[in-house]
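# output the structure for:
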Amino acid sequence: MTASRTYAIRVSVKTRYLQEQSDPGASRYAFAYTIDIRNEGDMAAQLIDRQWTITDGNGKVQTVDGPGVVGEQPIIQPGKSHTYSSGCLLETPVGTMHGSYGMRAEDQHEFRAPIPLFRLAKPNALN
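Numbering: from 1, shown residues only. The predicted model follows:
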């Protein structure tokens, strides 16, 4: 009897508005986000690619996909995490992002790890 494998990646996000890089008069709102990707499975997994859906306050949707994250394809051991920061420009003071990471476990099983929807918002923009 073979033991079943667990493929479990938990993604958490922290965001912040970058006032110094934003220009509301030119409809330019800059945001930074820090992603923590934690391997809660029972074997190492490599992050292969990413897919993002970015929606601004006007409903304009951008999709972004490509290999790795910030030029890396990290291997994340069980119980460990990989953290990185990146950024996004929007034409509105609020928006959302969500997506998924393509992962490959050490047994070569490929799976997608969901990135939950998170909000990008200039402070006090939602009052």
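
# contacts, neighbours, all on C-alpha from now
Noted.

# was I right about Pro67 contacting Trp52?
No. Using Cα atoms under 8 Å as the test, Pro67 is too far from Trp52 to be in contact (11.9 Å).

# I'd guessed Leu120 sits against Glu91; true?
No. Assessed by Cα under 8 Å, Leu120 is found out of contact with Glu91, at 11.7 Å.

# just the pLDDT for Leu18.
pLDDT recorded at Leu18 is 98.

# now it: how far from Ala125?
14 Å (Cα to Cα, to the nearest Å).

# give me the more crowded residue out of these two.
Leu18 (16 against 9; other Cα atoms under 10 Å).

# surely that one meets Ala32?
Yes. The pair Leu18 / Ala32 is scored as a contact, 6.7 Å apart, by Cα under 8 Å.

# mind listing the strands in the protein by residue range?
9-17, 29-39, 45-56, 61-67, 75-76, 81-90, 94-105, 110-121 (DSSP state E).

# now render those strands as CSV, adding mean neighbour count and distance to Asp23.
Below are the strands of the chain laid out as CSV (neighbours: other Cα atoms under 10 Å; distance: least, Cα to Cα, whole Å):
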stretch, mean neighbour count, distance to Asp23
strand 9-17, 17, 12
strand 29-39, 19, 6
strand 45-56, 20, 16
strand 61-67, 13, 20
strand 75-76, 20, 37
strand 81-90, 15, 11
strand 94-105, 20, 14
strand 110-121, 18, 14
